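**Q** I would like the atomic coordinates for the input below:
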Amino acid sequence: MMLSVFQRHPVQIMRDMDGNEIGMTPKQVADRIGVRQETLYNWRRARTGPAFYKIQGHIYYKPADIENWIAAQRQG
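**A** Numbering: from 1, shown residues only. You can find the predicted model right below:
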């Protein structure tokens with residue numbers, strides 16, 4: 001059984017003041033999947049990357065959305 005990138009390398013998920021999960025920052029995602037933050041920015045502009053959320057001007061990614069996007073990139 002293959003572990004997901006987040007199971008192999010746990011990350012601190014951003015939470016609001018009530019403890020509700022917000023998501024991961026672009027830096028956290030870039031570090032975890034091995035791309036530059038600029039690449040994530042370009043993917044957001046082109047709407048080709050993982051789903052993201054913009055909350056009060058800040059970008060966040062849900063770990064499940066990242067995993068789903070990675071799985072969708074599989075070829076062969």
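**Q** buried residues in stretch 56-66?
**A** I59, Y60, Y61, K62, P63, D65, I66 (16 or more other C-beta atoms under 10 Å). Where you see a C-beta, it was placed from the backbone N, CA and C, and this is true even at glycine.
**Q** what's the most distant pair in those residues?
**A** I59 and P63 (14.5 Å; C-beta to C-beta).
**Q** would TSV of the buried residues of stretch 56-66 with pLDDT be doable?
**A** Listed next are those as TSV, based on pLDDT from 0 to 100:
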residue	pLDDT
I59	94
Y60	93
Y61	94
K62	90
P63	88
D65	92
I66	92
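**Q** just those residues: which are in helices?
**A** Under the assignment DSSP state H, the buried residues of stretch 56-66 contribute P63, D65, I66 to helices.
**Q** I'd say the last one and M24 touch.
**A** Read that as I66. Yes: using C-beta atoms under 8 Å, I66 is in contact with M24, at 7.4 Å.
**Q** and for those two, which residues touch both?
**A** R32 (C-beta atoms under 8 Å, 6 or more residues apart in numbering).
**Q** just to revisit the earlier point, reformat the buried residues of stretch 56-66 as CSV; add distance to V35.
**A** Formatted as CSV, those follow (distance: C-beta to C-beta, whole Å):
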residue, distance to V35
I59, 14
Y60, 17
Y61, 12
K62, 17
P63, 16
D65, 15
I66, 11
